[in-house]
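> no sequence for this one, just the structure:
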């Protein structure tokens, strides 16, 4: 397999309600990515697009609809979709396009416009539940997360005020992100604990916001990447894995879907001791406890101990292993597919030393990004290094 | 047993639905295009200075090179009939009371699909067709501000 590098990236602001159509959001990000590495559409040989359920954008076959903005015109083009995991799977799809030798330069675009769904994107999820055993109860995603969070907290005896530190740190980190929706430099644990309860133990500030936005990156084969940039960031490992479709048959305390995906990616990257070899982590954080869950699945903390990374400062921007220096979904926003790809773009900027106010010190060499989705059972992982 | 015969032992089915309500925005280009249609009664196109393609309705960007389209022009209300059809059933497959004429009227390198008002026997591909707009006070900024296209006399 050929080596594959990220050579450019672009990102729109993540906002509450965008005027732009999904096509136009995609176009802004794709154009910025092209400009960032001084390429034109003629240089792009294939395009991979990612977007979550069509219901959000309110356009059936949204991948095809948005294709003109997503740099799909006249290209071999395909949309991939693994729910919330899409944004990190999307570059994996691009990676095998290039690694296989089929294409030298590939555009990756992820877009989501959740504000179309009225009154709230949450209702788009009712039909993901089994129509015979679950839907009659009118479940929503908060149920699952609240049930899972309670089980996780209780199993390990983790306090809610400690979990709230995750939300506080991510929202504070996002204050330095020019595209962020919820950067809050002065937010405190008390603010999180005093926010509205949605489904106990989940409170308003434990959750990332509904948002609109798009992100794009450009992948290139080694010989092209070395010609175009002095700072290629390599995709060193990729992994993805699916657990049971039944949430009643999954381990709610430990995400195996992340563990297996991470091990696949680490093996490919030749990583034996992730806690020493990973310098920046961008775990998927739609909920604060979920970042902890995922850090454990990524083998970056012992089971039930991820919260200590936040308590002892390891996860801070200037700590030994910064976690979500971007601000994550909790701080930057959560336009589903775009949020996952934002994590890949963040590693690209961090590893090149181009993250501005968000730059982590110490010239990090390697990072991991992860997302999670489908029916809450897919893990997608990418390891990047320079 | 034929397929149409109902098995009395079969378990009951029930009806469910996918409850979806969407709130769409016009977008950057749509906002401008529909304002011009509503307020000025104009159909706007946008030409890409790089590849020379004229998009009608006007768009924000060129799909071929992704450059921004800033040169918008009024393309007039008369286009050319590119193709047409006479529709006899609706999308649920039910017969229509009156068959409906639908056509694709080309402008620039694109065009508009809309209802036609004409005697089907007089239509010819390639003929000039003119947009008939609703009166200004009735226009809302919708593609239906164009009532239909009719042959140019």
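Cool, the structure landed. Being a predicted model, the structure only gives us computed values, none of them experimental. Residues are numbered from 1 along each chain as shown, chains lettered A, B, ... in the order given.
> dump the residue contacts of residue A:87.
A:50, A:110, A:215, A:336-344, A:371 (Cβ atoms under 8 Å, 6 or more residues apart in numbering or on different chains). C-beta coordinates here come from the backbone N, C-alpha and C atoms, glycine included.
> Over to residue A:9?
A:32, A:33, A:36, A:215, A:216, A:217, A:218, A:344, A:345, A:348, A:349.
> swap in residue A:7?
So residue A:7 contacts A:37, A:218, A:219, A:220, A:224, A:225, A:228, A:229, A:232, A:233 (Cβ under 8 Å, 6+ apart).
> Between those residues, which sits nearest chain B?
residue A:218 (12.4 Å; Cβ to the nearest Cβ).
> Could you check how far the residue nearest to that closest one when sequence neighbours are not counted is from residue B:130?
Of all residues not flanking residue A:218 in the chain, residue A:8 sits nearest, at 4.1 Å (Cβ to Cβ, 6 or more residues apart in numbering or on different chains). For residue A:8, the distance to residue B:130 equals 47 Å [Cβ to Cβ, to the nearest Å].
> hey, what's the spatially most central residue of chain B bridged with?
The structure's chain B has its C-alpha centroid closest to residue B:113; by Cα atoms, centre = their mean the separation is 3.9 Å. Per DSSP bridges, the residues bridged to residue B:113 are residue B:104.
> Max pairwise distance over the contacts of residue A:9: which two?
Across the contacts of residue A:9, the longest distance by Cβ to Cβ is 14.6 Å; it joins A:32 and A:344.
> What residues does the stretch 101-250 of chain A have near chain B?
For the stretch 101-250 of chain A, the residues in contact with chain B (Cβ under 8 Å from any Cβ of the partner chain) are A:115, A:116, A:117, A:118, A:119, A:123, A:124, A:126, A:127, A:131, A:135.
> and the two most separated of the residues you listed?
Once Cβ to Cβ is applied, those give A:115 and A:131 as the farthest pair, at 27.1 Å.
> Can you tell me, leaving aside adjacent residues, what's nearest to the residue of chain B found nearest chain A?
As assessed by Cβ to the nearest Cβ, chain A sits closest to residue B:22 within chain B, at 3.0 Å. Take residue B:22 and drop its neighbours on the chain: the residue closest to it by Cβ to Cβ, 6+ apart is residue A:58, 3.0 Å away.
> quick one: contacts for that neighbour?
A:116, A:117, B:20, B:22, B:23, B:24.
> how about the residues you listed in JSON lines, adding secondary structure, pLDDT and distance to residue B:60?
Shown next, in JSON lines, are these (DSSP: H, G, I helix; E, B strand; the rest coil; pLDDT from 0 to 100; distance: Cβ to Cβ, whole Å):
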{"residue": "A:116", "secondary structure": "helix", "pLDDT": "89", "distance to residue B:60": "18"}
{"residue": "A:117", "secondary structure": "strand", "pLDDT": "86", "distance to residue B:60": "23"}
{"residue": "B:20", "secondary structure": "coil", "pLDDT": "79", "distance to residue B:60": "26"}
{"residue": "B:22", "secondary structure": "strand", "pLDDT": "89", "distance to residue B:60": "21"}
{"residue": "B:23", "secondary structure": "coil", "pLDDT": "90", "distance to residue B:60": "20"}
{"residue": "B:24", "secondary structure": "coil", "pLDDT": "93", "distance to residue B:60": "16"}
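> Can you tell me which of those are classed as buried?
In those, burial by neighbour count holds for A:116, A:117, B:20, counting by 16 or more other Cβ atoms under 10 Å in any protein chain shown.
> Would you tell me which one of those residues comes nearest to residue B:58?
Using Cβ to Cβ, residue A:116 is the member of the buried ones among the contacts of residue A:58 that lies nearest residue B:58, at 22.2 Å.
> what's the neighbour count on residue A:233?
Counted with other Cβ atoms under 10 Å in any protein chain shown, the neighbours of residue A:233 add up to 24.
> contacting residues around it?
Here residue A:233 is in contact with A:5, A:6, A:7, A:347, A:348, A:351, A:352, A:384, A:385, A:386 (criterion: Cβ under 8 Å, 6+ apart).
> okay, among the residues you listed, which ones form the most distant pair?
A:7 and A:385 (14.5 Å).
> just to revisit the earlier point, neighbour-wise, which of residue A:32 and residue A:344 wins?
Taking neighbours as other Cβ under 10 Å, residue A:32 and residue A:344 compare with residue A:344 leading, 28 against 18.
> could you give me the average pLDDT of the host helix or strand of that one?
Following DSSP states H and E, the helix or strand that holds residue A:344 is helix A:336-352. Averaged over helix A:336-352, pLDDT sits at 98.
> Can you point out the buried residues in it?
For helix A:336-352, using 16+ other Cβ under 10 Å, the buried residues are A:336-352.
> quick one on the thing from earlier: of residue A:115 and residue A:131, which one has the most company?
The residue with more neighbours, out of residue A:115 and residue A:131, is residue A:115; 23 against 11, by other Cβ under 10 Å.
> Make sure that one is indeed in a helix.
Yes. Counting by DSSP: H, G, I helix; E, B strand; the rest coil, residue A:115 is part of a helix.
> Could you report the separation of it from residue A:102?
36 Å.
> For burial, what's the neighbour tally of the closest residue to chain B within the stretch 251-386 of chain A?
Using Cβ to the nearest Cβ, residue A:335 is the residue of the stretch 251-386 of chain A that sits closest to chain B, at 14.5 Å. Neighbours of residue A:335 under the rule other Cβ under 10 Å: 35.
> show me the contacts for it.
When contacts are counted by Cβ under 8 Å, 6+ apart, residue A:335 touches A:14, A:111, A:112, A:113, A:114, A:211, A:212, A:213, A:214.
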